[in-house]
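Student: this one's structure only:
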């Protein structure tokens, strides 16, 4: 971590306008261009945090949803349990885990995963529940087993809801992962909360802007995936 | 930063220290043991500050988001706007929001309330819009046929039927706000998050105590709002859902 003063000293040696840094103007483009390379590692760390959390979160939520789909009485306790995990603020979750997993990326990923479970679980359940009974009957009538019905009929039809859940979970996780800096979990938060202070405006705006841009990119990727994964939806004139 | 002494084996030990920190005042880590920290008095002070700023921000979000969402939902217009605001809101990084607020606009209760309300507006706007616009048009037509004015239709028909969806937005907004109010000490307002952020003052026990208290506060608010939602839902609707 570098303090604001050290930053300013480094910057004086290159083409940035030192006055802009000295006055701590709202955004110093020269500094941003000269120092863009320092954002590479935090951005990569941020991507890893998000992909790991949403990926593990999806695997767990998907398993829970399939169990609850098969054994209905499980759906309420699963909803309640994931609801508790969702409600506990991530920043508190990080520090609750500290005595167990210590400071670092693992702690951040566990807390962020816990946050995503409810969003993904609820959307998978909604998607599965919204499959029209007629279609299920038609599938059974064609001789599909329960398992075939699930994988070939119900899950594909639930895909738009499932992707919608992944989009909400991913975009929210990109935003919340900035807090991982508090447990040394890396990510773009390290460029916002520098040396325990929030003072360097250009750095804050650049890191915050990168986080928002990353959320947009992930969102776009998921929308694109959905378009290709559900070709039948494009055939329906709306 | 010093190495973390807490290992898996000492988990119960540190947990015990954290509980002790909540219930008993003790010397601060810094300041030569003169300053006293922790204990119920400070805990209640910080918790009430966090509740206060959460309530203020939530009230501001409701005041800003509710009227246009009800109106747009009633008219069935502006769907793209309502959904776009909801999506954009989720992408705002909490830490950057507090940081930019503190660095550019300045610290203080008023500024913090405004910043936090930004996190509450999107879920309230989107859910209220969706809830009201999805009310059965037959019910609205029936109300109109009975001679209700448009404001009456919103108040007596659409809002009661949309309570579950609206309240789920209010609950999300509250969780977002109370969670982010935890990092409010960075913007000069001391909430329970101070225990978490100022580790050099409160020590590891204080940090864990802060995390426990913030988690309990958020869960209590969620339970209270679930109760409020139950009370606001008309008995007829409750029966239908069950």
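Tutor: Looks like it came in fine. Here the structure is a predicted model, which is why all the values come from computation and not from measurement. Numbering: from 1, shown residues only, chains lettered A, B, ... in the order given.
Student: what's the neighbour count on the closest residue in space to residue A:165 that isn't next to it in sequence?
Tutor: Nearest non-adjacent residue to residue A:165, counting by C-beta to C-beta, 6 or more residues apart in numbering or on different chains: residue A:123, 2.6 Å away. Every residue, glycine included, has its C-beta placed from N, CA and C. When neighbours are defined as other C-beta atoms under 10 Å in any protein chain shown, residue A:123 has 23 of them.
Student: list the helices and strands the strand or helix carrying residue A:123 packs on?
Tutor: Assessed by DSSP states H and E, residue A:123 sits inside helix A:105-129. Helices and strands touching helix A:105-129, by 3 or more C-beta pairs under 8 Å, 6 or more residues apart in numbering or on different chains; DSSP states H and E, are helix A:40-70, helix A:75-87, helix A:90-101, helix A:155-176.
Student: return the angle between stretch directions for that helix and helix A:75-87.
Tutor: For helix A:105-129 against helix A:75-87, the angle by axes from the mean of the first three to the mean of the last three C-alpha atoms, to 10 degrees is 140 degrees.
Student: how far away from the center of its chain is helix A:105-129?
Tutor: Here helix A:105-129 is found 10 Å from its chain centre; the criterion is C-alpha atoms, centre = their mean, to the nearest Å.
Student: select, out of the helices and strands packed on helix A:105-129, the one closest to residue B:187.
Tutor: When the helices and strands packed on helix A:105-129 are compared by C-beta to C-beta, helix A:90-101 sits nearest residue B:187, at 14.3 Å.
Student: ok, back up a step: the residue nearest to residue A:165 touches residue A:161, doesn't it?
Tutor: Yes. With contact defined as C-beta atoms under 8 Å, residue A:123 counts as touching residue A:161 (5.0 Å).
Student: three-state assignment of residue B:26?
Tutor: Of the three states, residue B:26 takes strand under DSSP: H, G, I helix; E, B strand; the rest coil.
Student: tell me what it is bridged to.
Tutor: Assessed by DSSP bridges, residue B:26 has beta-bridge partners residue B:37.
Student: any idea how far it is from chain A?
Tutor: Going from residue B:26 to chain A by C-beta to the nearest C-beta, to the nearest Å gives 18 Å.
Student: confidence score at that residue?
Tutor: Looking at residue B:26, its pLDDT stands at 81.
Student: distance of it from residue A:40?
Tutor: Separation of residue B:26 from residue A:40 (C-beta to C-beta, to the nearest Å) stands at 44 Å.
Student: what's the first helix or strand after the worst-scoring helix or strand of chain A on mean pLDDT?
Tutor: Here the helix or strand of chain A ranked lowest by mean pLDDT, DSSP states H and E is helix A:4-12, holding a mean of 50. Proceeding N to C from helix A:4-12, the next assigned helix or strand is helix A:18-23, under DSSP H and E.
Student: who touches residue B:60 in this structure?
Tutor: By C-beta atoms under 8 Å, 6 or more residues apart in numbering or on different chains, residue B:60 lies in contact with B:113, B:114, B:117, B:120.
Student: residue B:26 and residue A:40: who's more crowded?
Tutor: Taking other C-beta under 10 Å, residue B:26 and residue A:40 do not tie; residue B:26 has more neighbours (17 against 9).
Student: isn't the more buried one up against residue B:38?
Tutor: Yes. Residue B:26 lies in contact with residue B:38 (C-beta under 8 Å); the separation is 5.3 Å.
Student: what does stretch A:45-53 contact?
Tutor: With C-beta under 8 Å, 6+ apart as the contact definition, stretch A:45-53 has outside contacts at A:105, A:108-109, A:112-113, A:115-116, A:170, A:173-174, A:177-178, A:180, A:185-188, A:190, A:210-211, A:214, A:218.
Student: determine how far that stretch lies from the middle of the whole chain.
Tutor: So, by C-alpha atoms, centre = their mean, the centroid of stretch A:45-53 is 8 Å from its chain's centroid.
Student: pLDDT value on the residue lying farthest from the centre of chain B, please?
Tutor: The C-alpha centroid of chain B is most remote from residue B:145, which lies 39.8 Å away (C-alpha atoms, centre = their mean). You'll see residue B:145 listed with a pLDDT of 93.
Student: so how far is chain A from it?
Tutor: Residue B:145 is 31 Å from chain A, by C-beta to the nearest C-beta.
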